[in-house]
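1. Predicted model follows, preceded by the sequence.
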Amino acid sequence: MTEEKHIMVSTRENYTRTFEECDIVLGRGGGGVTDVEPTTQAINNMKKGARKLGCDAVIGMRLVSYQGKGPNPAIIIAYGTAIKWLKP
């Protein structure tokens with residue numbers, strides 16, 4: 001089994017370290033027994049998207065929630081900008 005690459009997530013948008021923007025990534029989470037579960041699920045799914053792009057981090061991360069329908073109506077969307085750190 002290969003170890004998954006760690007993806008840093010931050011709400012900060014500005015860094016002194018230079019980077020290349022790859023794409024906007026998002027992840028969805030829903031359901032769960034606690035309020036934390038859908039949020040964690042959404043962030044982890046967003047990180048998977050950044051990992052697929054070969055990125056190092058997601059910056060400017062935000063969360064949006066809305067009420068869906070059905071037995072697990074809470075829907076959480078995590079989104080941000082996937083980046084690759086550039087060598088100095």
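-> Right, received. Where do you want to start? Numbering: from 1, shown residues only.

2. For M46, identify the helix or strand it belongs to.
-> Assigned by DSSP states H and E, M46 belongs to helix 36-52.

3. ok, for Y15, nearest residue in space, not its chain neighbours?
-> Nearest residue to Y15, sequence neighbours excluded (Cβ to Cβ, 6 or more residues apart in numbering): I59, at 7.1 Å. Using the backbone N, CA and C atoms, a C-beta is placed for each residue, glycine as well.

4. Actually, A57.
-> M8 (4.0 Å).

5. wait, doesn't the one you found sit right on D56?
-> Yes: at 6.7 Å, M8 and D56 qualify as touching, with contact defined as Cβ atoms under 8 Å.

6. Which one's more surrounded, the two?
-> D56 (19 against 13; other Cβ atoms under 10 Å).

7. Contact partners for the more buried one?
-> Listed by Cβ atoms under 8 Å, 6 or more residues apart in numbering, the contact set of D56 reads K5, I7, M8, F19, I83, K84, W85.

8. Find the nearest non-adjacent residue to the fifth one, please.
-> Nearest residue to I83, sequence neighbours excluded (Cβ to Cβ, 6+ apart): F19, at 4.2 Å.

9. Bridged to that neighbour, which residues?
-> W85 (DSSP bridges).

10. Quick check: it vs M8, distance?
-> Distance of F19 to M8, computed by Cβ to Cβ, to the nearest Å: 11 Å.

11. Over to K47?
-> 9 Å.

12. what do the two both touch?
-> Joint contacts of K47 and M8 (Cβ under 8 Å, 6+ apart) are V58.
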